[in-house]
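# sequence and computational prediction follow.
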Amino acid sequence: MLDTIPRMARVKAILQENEIVKTFVLDITVGAEPGQFVNVWIPRVDEKPFSVAYDDGHELHLAIAAVGDFSRKMHDLKVGDKVGIRGPFGSKFKVAKRMAFLGGGYGAAPLYFFAKSAKDSQIDFIVGARSKNYLLYTDRISKLENVTLHIATDDGSVGSKGYNTEVLKTVLASGGIDCVYTVGPEIMMYKAAMMAKEAGIDAQISMERYMKCGFGVCGNCCVDGSGVPTCVAGPVMDLAEVLKIEDFGKYHRNNLGKKINF
C-alpha cells in the first residue's frame, strides 16, 4: 500500500561525506530497493524527494547535498531530531551480468546501494567530481569485491583528469559491457545515454523531475514527449523510454511548470 502519510524517523547518526554532502542514518526501514526514492518531510518546512543511499532492513541512509533551502535545513538537523518519511516510490534498477556505473554529484550513493546488492555481477564503477574534496562514497565502493573503481576529477586532484564520461568512453571501448547505469547531473546522463546508444547496448537512467506526490496523481513530474510521470514510470528508466522524452538533456520544469534549460 502506498504511503500517503509520513512515518516519523529519528536521526541516529550524521556522516560528513565531503564539503557539501552528509549521510543521514535514520532509525527506520521502508524496504527500499536500489533506484527508488523517498519523500522527506521536515515539519513546518517542506517535503522533498531523495534517492535512497542504503536500506538494509534496519536503517535508512540518505546522502543529501546542501544545495537548496530544504537541503540546508536538513544539514541543520542534529542526532535525535525527527523527520517524516514517505515511500519507497518509483522503479528500481535491473541487474545485468557486466555493468558500467556512472555517478556524478550525489549519484554515487544510490549506485553504491545497487552495487552492494548486485554481488553476482561485475561492475566498472566510475565516480566523477570537481575535485577530490567532492568525491562521494569512494571508500565504500573500493571495498566491494565485484567492483573496479574508476575516479575522474575535473582538476586531476585524484584519478583521471577530466570528465567521468571520458572514462566511460574508454570502458565501453574495451567491450563486454551489457548495460550502462547512470545517476547525477542530466547533461552527464545524456552523454552516457548517447554513448550507450552508439555502442548498441542498453542503459538505465535515473530521471529526476519535480516529484511531489510520489505516486503519479499530481502530475508535477510528467515529462514532455511521452507524458509519463517519472515518480511512477521512473526514476529509473530504460534507454528506449528515455529517448522518447523531449526534454531529456535539454530542460526541466520548476514547481510552477516553467522551463529551466540545463
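Thanks, I have the structure now.

# identify the residues contacting G227.
G227 makes no contacts at all, as judged by C-beta atoms under 8 Å, 6 or more residues apart in numbering. For the C-beta atoms, the positions are set from N, CA and C on the backbone; glycine is no exception.

# how near is it to I245?
9 Å (C-beta to C-beta, to the nearest Å).

# again, but for D55
Taken as C-beta to C-beta, the span from D55 to I245 is 28 Å.

# V167 too?
25 Å.

# which residues of the stretch 51-200 of the chain fall in strands?
54-55, 60-65, 82-89, 98-104, 122-129, 147-153, 160-161, 179-183 (DSSP state E, counting those that start in this stretch).

# let me know which of those is the nearest to K116.
For those, the distance to K116 is smallest for strand 54-55, at 7.5 Å, taking C-beta to C-beta.

# what's the domain layout of this structure?
Following automatic domain parsing, one gets these domains for the chain: 7-89, 98-261.

# how long is the first one end to end?
Across its full length, domain 7-89 reaches 14 Å end to end, with C-alpha to C-alpha, to the nearest Å as the criterion.

# pretty sure D124 is touching F101, no?
Yes: between D124 and F101 there is a contact under C-beta atoms under 8 Å: 7.0 Å.

# between those two, which is the more surrounded one?
F101 (31 against 22; other C-beta atoms under 10 Å).

# that one contacts I126, correct?
Yes: the pair F101 / I126 is scored as a contact, 6.4 Å apart, by C-beta under 8 Å.

# on that earlier part again, any chance of TSV for the domains of the chain, columns mean pLDDT?
Shown next, in TSV, are the domains of the chain (pLDDT from 0 to 100):
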stretch	mean pLDDT
domain 7-89	97
domain 98-261	94
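
# ok, I5 touching R86?
Yes: in this structure, I5 is within contact of R86 by C-beta under 8 Å, at 7.4 Å.

# can I get stretch 43-61 in CSV, CA atoms only?
C-alpha atoms of stretch 43-61 as CSV (Å, rounded to 0.1, in the frame of the first residue of the first chain):
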residue,chain,number,x,y,z
PRO,A,43,7.7,19.7,10.0
ARG,A,44,6.8,23.3,9.3
VAL,A,45,9.4,23.5,6.5
ASP,A,46,8.5,21.3,3.4
GLU,A,47,8.8,17.9,1.9
LYS,A,48,11.3,16.8,-0.8
PRO,A,49,12.3,13.6,-2.6
PHE,A,50,15.7,12.0,-2.2
SER,A,51,17.2,8.8,-3.6
VAL,A,52,17.9,6.0,-1.2
ALA,A,53,21.6,5.6,-0.5
TYR,A,54,21.1,2.4,1.5
ASP,A,55,18.3,0.4,3.3
ASP,A,56,19.4,-2.8,5.0
GLY,A,57,16.0,-3.7,6.6
HIS,A,58,17.0,-1.9,9.8
GLU,A,59,18.2,1.6,8.9
LEU,A,60,17.6,4.0,6.0
HIS,A,61,20.5,6.1,4.7
